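> Need a 3D model of the following:
(3 chains)
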Amino acid sequence: MVETLTSHDASVLWVIPTLPLAISMLNLFVGKRLGRWAGVLATMAVAASFAVAVASVADLLSRPAGERLASQHLFDWISVGGFRVGADLRLDGLSAMMILVITGIGALIHLYSIGYMAHDERRGRFFAYLNLFVFFMLMLVLGANYLVLYLGWEGVGLCSFLLIGFWSDKLTNAEAAKKAFITTRIGDTLMLVGLATLVFKFGTLDFVPIFGAAPTVLTKDAATVIALLLFAGAIGKSAQLPLQVWLPDAMAGPTPVSALIHAATMVTAGVYLVIRSHVLFEISGVALTVVLVIGVATALFAATCAIAQVDIKRVLAYSTISQLGYMFIAVGMRAYAVAMFFLVAHAFYKALMFLGAGSVIHGMHGEQDMRQMGGLRKVMPVTFVTFAIGALAQAGIPPLAGFFAKDALLEVAQHTGRTAVYGLGTLAAFLTAFYLGRMLILTFFGKPRSDAAEHAHESSPLIWIPLAILAAGVAFAGVLELNPEGKLTSLLDPLLGALHDAGGLPFATLAEIAVAVAVVALAITWWIYGSGRIDPNAFRARMEPMATAAQHGWYVDRAYDVVFVQPAKALARMTGEVLDAKVIDGAVNGVAGLVQRAAAGGRLIQTGFVRTYALVLFLGAVLVLGYIGVRV
Amino acid sequence: MSGHVLSAVIFLPLLGVLGLVIGGRQITDAGARWITLLVTLVTFSVSLAMLGRFTAADPGYQLIEQASWVPGIGLQYLIGVDGISLWLVLLTTFLFPISVLASWTVTANVRRYMVAMLVLETAVLGSFLALDLILFFIFFEAILVPMYLLIGGWGGERRVHAALKFFLYTMAGSAFLLVAIIFLYAKAGGGTFDVRTLADTAATLPLATARWLFLGFLVAFAVKVPLFPLHTWLPDAHTEAPTAASVLLAGVLLKVGAYGLIRFNMALFPEASKHFATPIMVLAAIGIVYGAVCAISQRDVKRLVAYSSVSHLGFVVLGLFAFTQQAVSGSVLQMVNHGLATGALFLLVGMLYERTHTRQLDEMGGLASVMPWLLGFFLFAVFASAGLPGLNSFVGEFLVIIGTFAISHWLGVAASIAVVLSAIYLLWSYQRVAYGAVRDEHRGLADVSAREVVVLAPVLALLLVFGVYPKMLTSAIDPATARVIEHVAPDHPTTVVTGVEVADEGSRG
Amino acid sequence: MRTPIAYFLLLAGLLFAMGTVGVLVNRNALRIFMAVELQLNAVNLTLVAFARMHNDLTGQVLAFFSMVVAAAEVVVGLAIIVSIYRRRRSVDVDDVREMRW
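Residues are numbered from 1 along each chain as shown, chains lettered A, B, ... in the order given. Reported below is the predicted structural model:
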């Protein structure tokens, strides 16, 4: 599928990422003196970015479908011997959706953070990092070539590192930050190799020429290699199997960070990357199948883990992994518009739930264990309502946003004859509704199970206002999108192409099945956790040791530690302390030692007796003279 | 001085030495510091004047100064600058005032210390600018003496061992160089040591001879770079050297080796360069991974940075011998960038050491909460060194990777592995320094002083500037490296296909 | 008639041999020094003798030159011996062996 959009110059694109960057620098250097204003400024910067983004997107929409591509060349970044990479920005339907999500939800999360971080004395730095993240994320989606994308890609990784480890005096937080960065960097490295391959094949990293020439330049195999290398980057960033291990630990960061970075935006960068590169994936074909398989596997795997969590944020973390899996399922079926819609909807309801969870944690004075909660709906009504809207949305209850997304996805699976995907997707949907119901009930229903839960209090308006706005978005965004001419999805059509529909069960039937699955799952959770007729602890005990295994992510972490981390550490120690110090440096020192020993032997000749020297001198003279005499 | 700007750059520091020596004991410690700082700053500004007179588009040597020195053997005082040496000279003149300012805390024998620094500057600059082989050799060897004194005189506990090892190891390499120079002169010299002439006459040498001579040059420069497995002097030297010496060692001295490879090995023995390219690239790739793996296991933070240098310099050598435009330009860029990034790391490690009096990672921890700014700067340098896009090291490494990838996929992939490994060792070390609980004895340590900010700010700023706008450097580097490639491998795929051509092709197809 | 060159050489050889033996058998630095002077003078004698034989003054000049150098050497040498004596109260060369190894 060749891109046929004509491009026009846009001179304001640079403003969108620059605003947060500028305020980030300001906060970084004088944030301490700004006090409360640090957060206000940061929020205003992102909000202003949002305004510019809206204006830009509106401008884009006002143009005919074939001209919806704006680009801006800022300066030459790298230019060596015919290989040029510009600092180029580009706005099309795909990046338009992304920047709206990033700046829109980003602004709300910033607003929320003002209240959430009000008592942290390092909040200046916090907002600096958060704004910096927004900058890099915008660069990622606005980049007109793979290198600018990679800049943003690594940049968000950096900010993720900084923010996960924000409370770094606790070593586990720092560990989690490092783990997140290194795990994703494994994927990034493969992605870098992918970029090198692209340069090798195309001599450029710009999207337009690559996608234009790909069908003629790339063989199927070459496309598969490149696509899989790029997908490896996506696997790392989007925490898919087998690199999912970092995301649950990343919950060590402050909750707004989890909402913004590890739910709404950064982790979806992988989905964006694959959709952006869909031309390459489609040439390969195999690569799309890989995406699909990984997506299905991850969606199921993470859903099973989420059921057994006791930490409210870890439920959400696994849930995010699972939902990202869903998005990759959609991508793997070439249903890019569905994937993007899913991405946007997920950004809304997952941000909402994370912020809600943050509000709960705030109200519980830092307690994150759901076993200590219960009954919070009475003391935290706003949080409860908004959180429930998010959870129901994700569970797939109409008319909330999540329902349409999930339903569209399952419909595509069914209509393209992928019955297995449809079945597994529905199973995952069942599990999703189950763990969400469990979380909702454990947290908000029943009786308070601890002092903290009894004395919990509703958070300040600064915290719940963003919740309310997001909840409204979740409630109505889906309805708006019902319109098949929905503006945002129609943005994508010229870019991504329409889907081939082979037909299948009618939409209404599929929707009924989906709703039935969700409702049944929620009913079961109510029966187990809410009705009081079953002791949840006994239920869990009966599920051992599976429950504990699922709680620990099926021990993948531990397996990696045993199989990769420890041997790698041992190898590094071997290399550093034995091979280098003993063998290589040993050889050097050995040569030096040899010389030294030879010299030690040689110097024994120097007895210190002057007369011996004289005798040797004399004999030497005699020998030399004798030799001359004989020769003559 | 209009026609002698290069001589002025080289010998200004020596003038400072003269002042310090004549002034003798009358010069106080503070006086010696200020005089030296002033001299290095003047040298820097003169080198900026050199930059002003430089024509970026001209691939050849510029601002040449030529005078007969020992006519009997054709020895000349011949200096000149091109796009490759230009930035190395500027890097040197830039890092010296920084290092002098970083040496403010040196209190023992300040005057002698400063004399050694200034002599070192002259020697390094002379090496980068000399176009006469013997003149180069003299400067090249002259580097050793002040460096030996700096490490041996103001170093750590095992300074004598480290200094001796450094001196003997590099000296052993140089012996091969001298022999090769003399042999080359005798066989193909035509009565001159002028590299420009020799580049033509050396082509008449029999292949076998040229290859042996190539190896002679290679050994000397490979030790200096250092190329795996000739690197073991480096961790010792770095660990024991005083901060400024570490900065200069990593920042500019190692570059002399890599510079020698491109200036002499490739210019004089193009055929042999191609002949030995593969084994050298393999060694370089091994060095990239090996250095990084060794760095992971280090407990001494200075050793760790030293091993990271082995890894980063592997990129330089790998790129040089790939002979593609991207790789070679990337290598030269990487030389400058590594000098800045690793220089910054050593400056910061030095500042940490001055406060905590330990280099052991296990004995630090939690320092981020005690000295947020210092550790913030440290983190910045760490990410620059780890090749984060937008900061300087990324550009050079990326160019080397794509340039090498065009020649050999596997070597390109091997080099990419360093991206993960560097993240591991750098972040792990940063974590052990900055995060976790603070030790009691480290509570109340002072954050960066104003002087230290002045030391760090210019370096850190350049890390960002060269990461965002490397074209500043490459526009001068590119013509010069293109000339080298043209000379060595005219039939080589010097550039990857340009983007425009592909775009045209795409629209046609 | 001139004295045959052989006589001079014989005398010089004798003197040189005495000097050599003197250097080898003595332990007193002063005596060794004197023996060395004897050797030097033996060589000077041969120089002068050959100069006379060839009617070439170069040999004589060389002899003068060597005497001047020898004088300078004596100055340095004696100074060293005196300072050694001051430190150690002995000029036995076998005792002075700190500088070996």
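
> which parts of chain A sit against chain C?
Residues of chain A found near chain C, taking CB under 8 Å from any CB of the partner chain as the criterion, are A:603-604, A:606-611, A:614-615, A:618. (Glycine included, C-beta is placed from N, CA and C.)

> Only whichever of these are buried, select them in ChimeraX.
Typed into ChimeraX, the line below selects the buried ones among those, using 16 or more other CB atoms under 10 Å in any protein chain shown:
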select /A:610,611,614
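
> Which member of the residues of chain A next to chain C is positioned nearest chain B?
A:R603 (18.0 Å; CB to the nearest CB).

> center of chain A, which residue is that?
A:V267 (2.6 Å; CA atoms, centre = their mean).

> ok, now how distant is it from B:W154?
Going from A:V267 to B:W154 by CB to CB, to the nearest Å gives 50 Å.

> low pLDDT regions in the chain?
Using chain A here. In the predicted model of chain A, residues A:1-4, A:477-503 satisfy pLDDT under 70.

> that's the wrong chain, I meant chain B
B:1-2, B:189, B:492-509.

> same thing but at 80, please
Counting by pLDDT under 80, chain B contains low-confidence ranges at B:1-3, B:188-190, B:203, B:489-509.

> By residue count, which helix of it is the longest?
Longest helix of chain B, by residue count under DSSP state H: helix B:325-356.

> List the buried residues of that helix.
Of all the residues in helix B:325-356, those buried under the rule 16+ other CB under 10 Å are B:325-353, B:355-356.

> moving C-terminal of it, what's the next helix or strand?
helix B:367-370 (DSSP states H and E).

> packing partners for that following helix?
For helix B:367-370, the elements it packs on are helix B:372-385, helix B:409-434, judged by 3 or more CB pairs under 8 Å, 6 or more residues apart in numbering or on different chains; DSSP states H and E.

> Kindly recompute the last result at 10 Å.
helix B:325-356, helix B:372-385, helix B:409-434 (3 or more CB pairs under 10 Å, 6 or more residues apart in numbering or on different chains; DSSP states H and E).

> rewinding a little: quick check: closest non-adjacent residue to the residue nearest to the centre of chain A.
A:S238 (5.2 Å; CB to CB, 6 or more residues apart in numbering or on different chains).

> burial of that neighbour, as a residue count?
A:S238 has 31 neighbours, counted by other CB atoms under 10 Å in any protein chain shown.

> same thing with the one 4 residues further on?
Here the count is done by other CB under 10 Å, and A:P242 has 14 residues near it.

> SS state for it?
At A:P242 the chain is in coil, as set by DSSP: H, G, I helix; E, B strand; the rest coil.

> name the element A:K378 belongs to?
Per DSSP H and E: A:K378 is located in helix A:376-379.

> State the number of residues packed around A:P399.
Using other CB under 10 Å: A:P399 sits among 12 other residues.

> ok, A:A550 - contacts?
Each residue near A:A550 by CB atoms under 10 Å, 6 or more residues apart in numbering or on different chains is listed here: A:301, A:303-309, A:318, A:543.

> ignore the last one, A:F387
Neighbour list for A:F387: A:349, A:352-357, A:359-360, A:376-377, A:380, A:439-440, A:443-444, A:467, A:471 [criterion: CB under 10 Å, 6+ apart].

> what does A:A177 give?
Counted by CB under 10 Å, 6+ apart, A:A177 has contacts A:160-166, A:168, A:246, A:249-250, A:252-253, B:427, B:431, B:435.

> switch to 8 Å and redo it
Taking CB atoms under 8 Å, 6 or more residues apart in numbering or on different chains as the criterion, A:A177 is in contact with A:160-162, A:164-165, A:168, A:250, A:252-253, B:431.
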